[in-house]
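> Below are the sequence and a predicted model for it; my questions follow.
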Amino acid sequence: MAKLGPSGFSPYPVAIIDKVLNPPPGKALLFDELVDEEVAMREAAKAMLTRENPTIFPGPQVLYAWNEDAKKKAKQVKELAQVLNAKIIPMYDYRPKYPKINPEVEINPNHPNLTIWHNNIKACIFIGVHCHYANVALKIIRAETDCFTIAMCSLEGHEDAMITLRDQHPEELDKFIEIAKQVKAELGK
Amino acid sequence: MSFKVYQINPELKDVMPQEIIDLEEKSTLNNPKRGVMDLPFYKELIEEHSLCAGCPEAAALRYIMASLPNPEDTIIVNSTGCTSLVFPHIAMHTVHSLFGNQNAVASGIKRVLEYRYPDRVKDVVVLAGDGATVDIGLDCTLQSFFRQEKITTICFDNEVYANTGGQESGMTPKGHVFKMAPKGKQFEKVPMWQLAIDSGCKYVARLTVSSPKRVESVIKKAVYVARYLGPTYVHLYTPCILEIGLNSDQGLEEMRARDKERFEFFEYITPEAQEVIDRVKAEGLL
Ligand SMILES: Cc1ncc(C[n+]2csc(CCOP(=O)(O)OP(=O)(O)O)c2C)c(N)n1
Ligand code: SF4
Ligand SMILES: [Mg+2]
């Protein structure tokens, strides 16, 4: 069973060592297990509601109003943050920043661990981050921190996250928000 | 890309830092009349850089970024060297190519963009040092001129390989001594602007970056002529103050001195390029 980090750096991503691949359509990845989307969503909500300093990291694809889905998702991210009692820290810019980022208010894919460490984030959701940067950032977070990472990807998902949800569009986000509300009520949070 | 990528979703504006909000609200993106006079008042596309303090390359880049008429749809192709250290920090599309290959890469990008976005104006601008443009990349540079690629090539001539610590380049003037050229340069500075003319460039300019307004005018002409006609070439003197032993505040002085000699302002415009320039001027864009 794959575990939370920190897993350290190795020539191969942890997901490869754990023999984990992205889930097929309709399925999600929970550590190294293929599960139904609902199951993964429940676990994701649970992680966000029970671990310290849960944070949503929205990327450019939801931060900027570049298409209709993005506009909807921005509203949903805001609602999700409320339901999960989570903070929002944007990954608005992929450029390495000189001389350094302010980890209080931003996360950068080139050293996402700085933001995680600084804010002591133990669970997070990536949403709207372009895949190649999500891949890099998730690998670094897994290698360097014990943060529970959740990837809500509109494409094929990210095996380096602890929970990978794929094909996440506004509809799926609505579903996740509903599940999160249920889990929240069950946990009495 | 479109200007929309800079429009922040209102729901998430409260978590965005001011510098990004400024890019939407206080930048000159989407305004083809933008220019260096906007610099003190608007959000710049480049604000931080990792060049030496006072490096004239940094000034040149600021002026160029402020002058490009269509930054949302401009792709900059660069090459290894001091200039390339700036590109990760600018709010524009940039492609880092293998040293010397920049004009070949830019040619491909330009052609693909024309094919992929036939109804959209996309400018491709090469920005590289003298080593990349004139020495190691001379083949690719000239071949792109021969092929009449519709790209703008800007050479940052600091007369040395600065990023690797001071080797002489083809652009080093005869006799100059550098840390790693102790005997002094043995042959004359390559007349790159003349090669550009002979190789078919429609617009060629040589200048220092001592005058921001002049840089703006040259860059705009070069971009418009490349957009409608064919290759254009801009040769800028951006002295490496580090390698020639000047202080941070002496770059401008050095450029002004060279304005009167080997970098005296020189412009070559073909008659068809002049037509483009006149047309753009009549539209109030120059
Ligand atoms: C193919 C290749 N050859 C050599 C180098 C080493 N190299 C890095 S920067 C540089 C010099 C760049 O000189 P120039 O183009 O004049 O730019 P400057 O640093 O002076 O602005 C060289 C040779 C490289 N990066 N790639
Ligand atoms: S080494 Fe020279 S060209 Fe490079 S940043 Fe410093 S002053 Fe500028
Ligand atoms: Mg040079």
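Now that the structure is in, tell me what you want to look at. Ligands and ions are numbered 1, 2, ... in the order given.
> Name the surrounding residues that touch stretch A:128-139.
Contacting residues not belonging to stretch A:128-139 are listed as A:13-14, A:57-63, A:70, A:73, A:77, A:91, A:94, A:107, A:109-110, A:112, A:126, A:149, A:151, A:153-156, A:158, A:160-161 [Cβ atoms under 8 Å, 6 or more residues apart in numbering or on different chains]. Yep, even glycine has a C-beta here, placed from its N, CA and C like the rest.
> Please flag which of those sit within helices.
Using DSSP state H, A:14, A:60-63, A:70, A:73, A:77, A:112 are the members of the contacts of stretch A:128-139 that sit in helices.
> and the longest helix along chain A, how far from the chain's centre?
The longest helix of chain A (DSSP H) is helix A:170-187. Between the centre of helix A:170-187 and the centre of its host chain there is 15 Å, according to Cα atoms, centre = their mean, to the nearest Å.
> for stretch A:144-155, same thing?
For stretch A:144-155, the distance to the chain centre is 3 Å (Cα atoms, centre = their mean).
> Let's see it as PDB, backbone CA atoms only.
Extracted C-alpha coordinates of stretch A:144-155, given in PDB (Å, rounded to 0.1, in the frame of the first residue of the first chain):
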ATOM      1  CA  GLU A 144       9.300  16.400   0.500                       C
ATOM      2  CA  THR A 145       6.200  16.600   2.700                       C
ATOM      3  CA  ASP A 146       3.500  14.500   4.400                       C
ATOM      4  CA  CYS A 147       0.700  16.400   2.700                       C
ATOM      5  CA  PHE A 148      -2.300  14.400   1.500                       C
ATOM      6  CA  THR A 149      -2.600  15.500  -2.100                       C
ATOM      7  CA  ILE A 150      -5.800  15.300  -4.100                       C
ATOM      8  CA  ALA A 151      -5.800  16.000  -7.900                       C
ATOM      9  CA  MET A 152      -9.000  17.100  -9.500                       C
ATOM     10  CA  CYS A 153      -8.000  16.800 -13.100                       C
ATOM     11  CA  SER A 154     -10.100  17.600 -16.200                       C
ATOM     12  CA  LEU A 155      -8.000  15.200 -18.200                       C
END
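> Which other helices and strands does the helix or strand hosting B:Tyr115 contact?
Using DSSP states H and E, B:Tyr115 falls within helix B:102-116. Under the contact definition 3 or more Cβ pairs under 8 Å, 6 or more residues apart in numbering or on different chains; DSSP states H and E, helix B:102-116 sits against strand B:74-78, strand B:123-129, helix B:138-146.
> Distance check, the residue of the stretch 151-286 of chain B found nearest chain A against A:Pro99.
Residue nearest to chain A within the stretch 151-286 of chain B (Cβ to the nearest Cβ): B:Asn163, separated by 16.4 Å. Distance of B:Asn163 to A:Pro99, computed by Cβ to Cβ, to the nearest Å: 19 Å.
> More neighbours: those two, which one.
When B:Asn163 and A:Pro99 are compared for neighbours, B:Asn163 comes out ahead with 20 against 6, by other Cβ atoms under 10 Å in any protein chain shown.
> That one - that's part of a strand, no?
No - B:Asn163 is assigned coil when assessed by DSSP: H, G, I helix; E, B strand; the rest coil, not a strand.
> Surely it is in contact with B:Thr80?
Yes - using Cβ atoms under 8 Å, B:Asn163 is in contact with B:Thr80, at 6.9 Å.
> At the contact with chain B, which residues of chain A appear?
By Cβ under 8 Å from any Cβ of the partner chain, the residues of chain A that approach chain B are A:58, A:60, A:62-66, A:70-71, A:74-75, A:77-78, A:88-90, A:92-93, A:95-99, A:102, A:105-106.
> returning to that earlier point: quick check: the farthest pair among the ones in helices among the contacts of stretch A:128-139?
Within the ones in helices among the contacts of stretch A:128-139, two members stand farthest from each other by Cβ to Cβ: A:Val14 and A:Ala70, at 30.6 Å.
> residues contacting B:Lys183?
Counted by Cβ under 8 Å, 6+ apart, B:Lys183 has contacts B:Val177.
> What's opposite the residue of chain B found nearest ligand 1 in the beta bridge?
Proximity of chain B to ligand 1 (Cβ to the nearest ligand atom) peaks at B:Gly129, 2.2 Å away. Taking DSSP bridges as the rule, B:Gly129 bridges to B:Phe156.
> Correct me if wrong: it contacts B:Asn78.
No - look at B:Gly129 against B:Asn78 with Cβ under 8 Å: they stay out of range, at 9.1 Å.
> These two: which is more packed in?
Neighbour count, other Cβ under 10 Å: between B:Gly129 and B:Asn78, B:Gly129 has more, with 32 against 25.
> residue contacts, that one?
Contact partners of B:Gly129, counting by Cβ under 8 Å, 6+ apart, are B:79, B:81-83, B:155-158, B:161-163.
> Look over these and name the one with the lowest pLDDT score.
Least confident by pLDDT among those: that is B:Thr83, with 92.
> Up against ligand 2, what does chain B have?
B:51-52, B:55, B:57, B:82, B:158, B:162, B:240-243 (Cβ under 6 Å from any ligand atom).
> Among these, which pair sits farthest apart?
Counting by Cβ to Cβ, the most remote pair of the residues of chain B next to ligand 2 is B:Leu51 and B:Glu243, 12.8 Å apart.
> distance of B:Met171 from B:Cys240?
For B:Met171, the distance to B:Cys240 equals 11 Å [Cβ to Cβ].
> Can you pull the residues that touch both of these two?
Jointly contacting B:Met171 and B:Cys240 under the rule Cβ under 8 Å, 6+ apart are B:159-160.
> higher neighbour count, the two?
Between B:Met171 and B:Cys240, counted using other Cβ under 10 Å, the more crowded position is B:Cys240 (28 against 25).
> pretty sure that one is in a strand, no?
No - read with three-state DSSP, B:Cys240 is coil and lies in no strand.
> Tell me which residues touch the closest residue to chain B within chain A, please.
Nearest residue of chain A to chain B, counting by Cβ to the nearest Cβ: A:Ala74, 3.4 Å away. A:Ala74 sits next to A:58, A:62-63, A:65, B:9-12 when contact means Cβ under 8 Å, 6+ apart.
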